[in-house]
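>>> here is my input; please provide its structure:
(2 chains)
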Amino acid sequence: MSAPSAAGPAAGANGRPFDEHATRSYYGRPVIKEPVWTPEIPWYFFTGGLAGASAGLAQLAELRGCRELAKRAWASAAVAALASPALLISDLGRPARFINMLRMVKLTSPMSVGSWVLAASGASTSLAAAEALLPAPGPLARLRPLGRVAKPVSALLGLPLSTYTGALIAQTAVPAWHEARRELPVLFAAGAAASAGAAAIVLTPPAEARSARRLALLGAASELAAVRLIEQRLGEAAEPYHRGRAGQYSRAARALTAAGAVAVVARAGRSWPAAAAGGALILAGAVCERFSVFRAGFESARDPQQTIAPQRRRIAAGGGHGASRGATRTAPPGA
Amino acid sequence: MKLEVSSWPGSYDGEARPRVGFFTDTSLCIGCKACEVACKEWNRIPESPKGFSGHSYDNTLDLGADTWRHVAFVEQRKEVGLHANGGELVQTAALDQLIEQAGLGTYQDGEGLRWLMASDVCKHCTNAACLEVCPTGALFRTEFGTVVVQEDVCNGCGYCVPACPFGVLDKREEDGRVWKCTLCYDRLKDDKEPACAQACPTNSIQFGELDELRGRAGARLQALTDAGADRAQLYLDGSGDGIGGAGAFFLLLDDPEVYGLPPDPVDATRDLTSSWGSAAAAAAGLAAALAAAVFGGRR
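Model (predicted):
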């Protein structure tokens, strides 16, 4: 017999107390499956955010009259928007069937909604970038009016494009992701802002890049803050973010993002090399942060106690959903 | 807040059939693995050698793309009612008789070792996360209320794999698509019971209409409890649990996690509104950040 735990004995199916729940599992094997996604997926989290926030930056910069910045932001938006579907298709088990993603619209599936957003965003961003970058009397002159309409469309679609991926992974049974469902879209939005600002800093002459620097710094600060928020709010479910490769990526992300921000604040206004270095560091930080979140899901799924312990505690606290029910003895033997 | 997404049986009109499923009574399981074999044979599932696990007689290990029935083996040092009870001779004799009737005695050997065996399968949830997150519609609900993957539609996106709270689905590597138990959809259409249920020699796997199975399970739970199986429990037999009830439910002799099952599974789609809400709020925050960056200072 083991001693009762400090938290007091939990109730079993029949209301009888026993205390070995927290350590019980089937030979330590996982209860849920690890994701089967490949590294293309965290790369897509990055490119999708970069495309989405860059389109917004480009549209607003144009409205403010920052033409050089706008052009370059449209360019990075278009490159990232075209890379995104390529990454996603390459992750599919049956890439030739990618078009099945557009077979239906399903609000219960963030991947379905996201596929439509990505498709529309890719089309509008390509048209917008063509309008912004191609010479005025060129062969595509007829597409110009379409391009002008596409710009605000692309900027607006960029917003959900930057955040839906957080909802996508949250909508799983993986505790480290599902428990972070309120924070993950915020983290991804912050990373998108940091990435778009940083890419524009790298591509734009420092004198024209004030807005981009402000965006990169705002994004970097929010990204670091969102990670802290996950750690504080999730408690035990946040452990996988510190373990193994997820932890390595997380520490790298923090260091790179912070170093990049310092470089941008210190010298990016005067020297392009310093700006490019700072921007590159922030971009690398954003990539590492996505890989950290991605790997944390694997760590979390692999650990049976991540799944079992919180469910057991929920039952013990009376908040369970009643998956099990026992019976009480009706006829004591010999009575 | 719960988003109601179940389309069955409404979408089938007159073609909907009574909901069918499995009642797996693990107290009758003898660990013969006939269900595993029959399932593989009928559904032409590729072999899935995993070597020697050392985990009792279980070398199948878990459900997955190539394993749609999995028999778990648990060895416990635990006295069942007879020896644990002490008590008077007449009580012991009465309990002995109950244990004999319930068939519980086969679980106890002379060394006080208790065997738990259980054949696990897809739960065919009422609120099935796999079906709800599937972006292609490859996963659908049949006229029998079961959940099936259409292999000609699945593009191997893999979303259902981490969405399932039981870890049932997985991708078949060489094939690229996900696979899982169909509750023998082809046999159901021909009014045959699923292969595993037909092959089970002890009737541990019982197939039938869900309402009838639930009634039968309640009586069995009572008999086992009276015979001293104090942790006997019905798992997923109601409709108020975190998955809205299952098409495959179980009578277990210990807690679910002992068999590798989650004690309080929840369909992640229950929290869809808060996920989408957060995504919308984050998008609005991003818009504000962009505006602040571009308009909130010198050009």
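>>> and for B:Thr60, the neighbour number?
Around B:Thr60 there are 22 other residues, counting by other Cβ atoms under 10 Å in any protein chain shown. Using the backbone N, CA and C atoms, a C-beta is placed for each residue, glycine as well.
>>> surely B:Ser119 is within a helix?
No - going by DSSP: H, G, I helix; E, B strand; the rest coil, the assignment for B:Ser119 is strand, not a helix.
>>> ok, it touching B:Thr67?
No - B:Ser119 lies out of contact with B:Thr67 (Cβ atoms under 8 Å); the separation is 11.2 Å.
>>> between these two, which contacts overlap?
Residues touching both B:Ser119 and B:Thr67 by Cβ atoms under 8 Å, 6 or more residues apart in numbering or on different chains: B:Glu36.
>>> neighbour-wise, which of those two wins?
The neighbour comparison of B:Ser119 against B:Thr67 (other Cβ under 10 Å) goes to B:Ser119, with 27 against 23.
>>> dump the residue contacts of that one.
B:24, B:26, B:29, B:35-36, B:69-72, B:196, B:200, B:204-205.
>>> what subset of the residues you listed is also close to chain A?
When Cβ under 8 Å from any Cβ of the partner chain is applied, the members of those adjacent to chain A are B:Ala72.
>>> could the contacts of B:Ser119 go into a markdown table alongside pLDDT and neighbour count?
As requested, those are exported to a markdown table (pLDDT from 0 to 100; neighbours: other Cβ atoms under 10 Å in any protein chain shown):
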| residue | pLDDT | neighbour count |
| --- | --- | --- |
| B:Thr24 | 98 | 28 |
| B:Thr26 | 96 | 23 |
| B:Cys29 | 94 | 26 |
| B:Cys35 | 98 | 28 |
| B:Glu36 | 98 | 20 |
| B:Arg69 | 98 | 29 |
| B:His70 | 98 | 22 |
| B:Val71 | 98 | 21 |
| B:Ala72 | 97 | 26 |
| B:Cys196 | 98 | 28 |
| B:Cys200 | 98 | 26 |
| B:Ser204 | 97 | 25 |
| B:Ile205 | 98 | 27 |
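>>> just give me the closest of the contacts of B:Ser119 to chain A.
Nearest to chain A, judged by Cβ to the nearest Cβ, of the contacts of B:Ser119 is B:Ala72 at 6.2 Å.
>>> which non-adjacent residue is nearest B:Lys180?
B:Leu169 (4.8 Å; Cβ to Cβ, 6 or more residues apart in numbering or on different chains).
>>> apologies, that question was intended for A:Ala196.
Excluding its sequence neighbours, the residue lying closest to A:Ala196 (Cβ to Cβ, 6+ apart) is A:Ala53, at 3.5 Å.
>>> now B:Ser56
B:Ser56 sits nearest to B:Phe73 (Cβ to Cβ, 6+ apart), 3.7 Å away.
>>> what sits against that neighbour?
Contacts of B:Phe73 by Cβ under 8 Å, 6+ apart are B:Gly31, B:His55, B:Ser56, B:Tyr57, B:Asp58, B:Trp115, B:Leu116, B:Met117.
>>> mind listing which of those residues are in strands?
B:Trp115, B:Leu116, B:Met117 (DSSP state E).
>>> now the strands for chain B?
B:20-25, B:69-77, B:113-121, B:139-141, B:147-149, B:170-171, B:178-179, B:205-209, B:233-235, B:248-252.
>>> by contact count, what packs against the first one?
Spelled out, it's strand B:20-25. Applying 3 or more Cβ pairs under 8 Å, 6 or more residues apart in numbering or on different chains; DSSP states H and E, one finds that strand B:20-25 makes contact with strand B:113-121, strand B:205-209, helix B:210-226, strand B:248-252.
>>> what residue ranges in the chain score low on pLDDT?
This is for chain A. A:1-23, A:138, A:331-335 (pLDDT under 70).
>>> you answered for a different chain; I wanted chain B.
In chain B, residues with pLDDT under 70: B:1-9, B:78-87, B:105-112.
>>> which strand or helix spans the residue nearest to A:Arg243 when sequence neighbours are not counted?
Distances taken as Cβ to Cβ, 6+ apart put A:Glu299 closest to A:Arg243, at 5.2 Å, once the chain neighbours are dropped. If you go by DSSP states H and E, A:Glu299 is part of helix A:272-302.
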